[in-house]
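Peer 1: Return a 3D structure for these sequence lines:
(2 chains)
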Amino acid sequence: MFGGNKAKAGGSALERQRSLASGFSRGGLGVGLYDIWRGLVTWPVWMRLAQQDIALRYKRSVIGPFWISLSLAAMIIGMSLLYSQIFKTDFKEYLVYLSIGLLCWNYLSVMINESCVVLTDDTYLRALPVSVVGLAGRSMMRNGIIFAHNLLTVLVMLVILQAPFKLTAFHALSGVAVYAVFGVLLGSILAPICLRFRDVAQVISSVLGILFFLTPIIWKPDQVGGRVAIVEYNPIFHLIEIVRAPLLGHDVAPQSWAFVGLFLVVSLFTAILVLSVTRRRVYMWM
Amino acid sequence: MAHIRIQGISLEYPIYDVTSRSLKISLLQQAVGSRLAKDRRNVRVQAIQNLTMNLSDGDRVGLVGHNGSGKSTLLRVIAGVTFPQLGKMDIKGRVVPLIERGLGVNSELTGRQNISLPLMLLGATGAEIRAAHQEIPEWTGLGEFIDLPVRTYSDGMRARLMFAISTAIHGDILLLDEWLGAGDAQFVQAASERMERMLASAGIMVVASHSAEIIQKFCTKAVWMERGEIIAIGSPDMVMQRYLEGLRPPQEEIEEMMRAESNIVKFKTATSR
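Peer 2: Next up, the predicted model:
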C-alpha cells in the first residue's frame, strides 16, 4: 500500500547501527509526503467519516447540531447583556462583535483541542494503512460542519437584529477557506506529537484557556490602546480577524493577512517535518 | 501480477512506560542528563528478526505460531500499517488487509448504512461499493433487519453482515488475521462458497491462524514463526504436524527446510526485479 516502501528510519538501536544519518533525508520525507498525498486523494473517506461522526453524535435529537448553536446563541446573548453594561457600549453593536468572535474562537479552539486526540482516539490506523492527514481532515470536516451550523445561527441572529450588511461580508469566505486548510495542518502536526507525549494535550488545553482572555474576543483591541504585543503577535487574533472584519463590514488589515499567510506556510512545513519524522513510528506509539 | 518481496526486514517495538510518555519528564531527563537517565527503562521487543519472504501469484501461505511470535506484525508490515526499521520491501498489487474484524462497522447505524464505510476504508472503488449494496442485503438474508441498527442484531446476524462486507472486495493480496467465519451453521455452505470465490480472485493470500484445519485446507505453504523468525516452512501437513508436536526443530533441520524453500525465503538482490 505504501507502494514499494523501503524500510528505514526509526529511532532504534538497530537503525543507528546501520546508518546514523538515515531517517529524515532517506525514506522519512518520502513517507511524510506520501501520507499527505494519500490524505488528499482519499478525501471521500474522511468526508464520510466526519458526516457519520455528526450523524451519530446527534442521532436522537431532532434539531441535531443546532443544539450546539443554540447554546452558543444563549451564551452570546448572556455575555452581551453583561459586557455591554461593563464596557458601557451599545448592546446591539457589542452583540454583533462578540457573536462573530465567539463563532471563530469556537471553531479554532475546538479544532486545536481535537487535533490532539486525532490519533490517541483512533481505531483505524491499527489495522489499515490510513493516512494521518486523512484523519486530521476528518476532524477538520467534523468541526467545519459544526462551524457551518453556528455560522447560520449567528447570521440569523444578525438578520433579526438588523445588523448593517455590506458586500465585503463575502470576503469572509477566504477566511473560512484558511480555517479548513489550517485545521488539517494542525491535526497533522499535533496528532502525532500528542500521541507520543501524552501530556502535551493537557498543556495545550490550558494554554487555550488563557488565550481566550488574551485574544480580543470579548474586548476590542482599541480598549487596550490599539495594537499592543498580545494582539499584534497573537496568531489567533489574526485568524479571527480574517473572518470577523469582513462580516463587520471592515476591510481585513493587510498585516493580518500577512501574518496568516506566514503562519500557514510555517504550519505546512512543520506538518511535513512532523509527518516525515513520525509517520513510520505512529503505529508503535498507539 | 502481484508480488510480495520482503528482504531481510527487522522490526522492534519500543515499550513505553508512563514516564517516557511524558514530554515534561523526557525534557527533564535531557536537561539533567545521565543522573536520571539510568532510571529510564528502554525496553524493546523484537517483533521480526531478519525475515525474508518472496511470494507471487498463486501462493497461499498460512502463518502459525504462538501469541507474540510476530504473525500479526508481519501482516501489518505487508499492509503498510507498521514499518520495519531494517530491510527492503517491494509490494505490488492491491492489498486488502482484513486484520481486525468489523472495522468501520458502527452498531448505531443500520446494516445497510454500514456497508459503505468499511469498504471505503479498505480502498474499494465506487463501482464495488454499489455492487456490494446490491448483493449484500440479499446474500446475508437479513430481511427487514438490514434497515435496523446493527446493535439489535444477534451475534450470528452480525457475523454474517461483517463477513459479507469483508468479502465484497477483490484484492490481489489478501491478508487475514484469523479466518473469517460467517456465524451460524446454516450459512457455512454459502459462506465457504463466497470465501472460495474471494480466494480465487486473489493472487496471494497470507493468513495467520491457529487452526490446523484451515491451514491444511486452504494453504499451499505453511510457515511457523517464533520470536519473529521462521523456524519451519514447507507443506501445510508437515509444518502443522511439527507445530502441534510443539517442538522447535533443530537448527540443521531449519536450514534444510529453508534450502528446500529457497525461492521463498532466500534474499534476492534488487536486480531480480
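Peer 1: ok, which stretches of chain A are strands?
Peer 2: With DSSP state E, there are no strands along chain A.
Peer 1: longest single helix anywhere in it?
Peer 2: Longest helix in chain A by number of residues (criterion: DSSP state H): helix A:132-160.
Peer 1: Going by residue numbers, what spans are helices in the chain?
Peer 2: This is for chain A. Listed in chain order, the helices found in chain A under DSSP H are A:13-18, A:28-41, A:43-57, A:66-86, A:91-115, A:132-160, A:172-196, A:200-214, A:229-232, A:235-247, A:254-278, A:282-285.
Peer 1: my bad, chain B
Peer 2: In chain B, the segments counted as helices under DSSP H are B:23-32, B:34-37, B:71-79, B:116-121, B:126-140, B:155-166, B:188-201, B:212-218, B:236-245, B:251-260, B:262-265.
Peer 1: and these, which is most packed in?
Peer 2: helix B:71-79 (a mean of 24; mean count of other Cβ atoms under 10 Å in any protein chain shown). For every residue, glycine as well, the C-beta is placed using N, CA and C.
Peer 1: okay but residue B:99 is in contact with residue B:177, surely?
Peer 2: Yes - using Cβ atoms under 8 Å, residue B:99 is in contact with residue B:177, at 4.6 Å.
Peer 1: tell me, what's touching those two both at once?
Peer 2: Residues touching both residue B:99 and residue B:177 (Cβ atoms under 8 Å, 6 or more residues apart in numbering or on different chains) are B:72, B:75.
Peer 1: Let me see the residues that make contact with stretch A:140-157.
Peer 2: Outside of stretch A:140-157, the residues within contact range by Cβ under 8 Å, 6+ apart are A:46-47, A:49-51, A:53-54, A:64-66, A:68-70, A:72-73, A:76, A:95, A:99-100, A:103, A:106-107, A:110-111, A:114, A:176, A:179-180, A:183-184, A:187.
Peer 1: gap between the two ends of stretch A:157-175?
Peer 2: 21 Å (Cα to Cα, to the nearest Å).
Peer 1: got TSV for the helices of chain A, with mean pLDDT, mean neighbour count and distance to residue B:226 too?
Peer 2: Shown next, in TSV, are these (pLDDT from 0 to 100; neighbours: other Cβ atoms under 10 Å in any protein chain shown; distance: least, Cβ to Cβ, whole Å):
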stretch	mean pLDDT	mean neighbour count	distance to residue B:226
helix A:13-18	37	14	19
helix A:28-41	88	19	30
helix A:43-57	90	17	37
helix A:66-86	89	16	53
helix A:91-115	93	21	41
helix A:132-160	92	21	33
helix A:172-196	95	21	30
helix A:200-214	94	14	38
helix A:229-232	82	14	61
helix A:235-247	93	23	53
helix A:254-278	94	17	31
helix A:282-285	90	20	21
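Peer 1: how about the ones you listed in JSON lines, adding distance to residue B:67?
Peer 2: Formatted as JSON lines, the helices of chain A follow (distance: least, Cβ to Cβ, whole Å):
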{"stretch": "helix A:13-18", "distance to residue B:67": "23"}
{"stretch": "helix A:28-41", "distance to residue B:67": "29"}
{"stretch": "helix A:43-57", "distance to residue B:67": "31"}
{"stretch": "helix A:66-86", "distance to residue B:67": "45"}
{"stretch": "helix A:91-115", "distance to residue B:67": "35"}
{"stretch": "helix A:132-160", "distance to residue B:67": "29"}
{"stretch": "helix A:172-196", "distance to residue B:67": "25"}
{"stretch": "helix A:200-214", "distance to residue B:67": "32"}
{"stretch": "helix A:229-232", "distance to residue B:67": "55"}
{"stretch": "helix A:235-247", "distance to residue B:67": "48"}
{"stretch": "helix A:254-278", "distance to residue B:67": "28"}
{"stretch": "helix A:282-285", "distance to residue B:67": "18"}
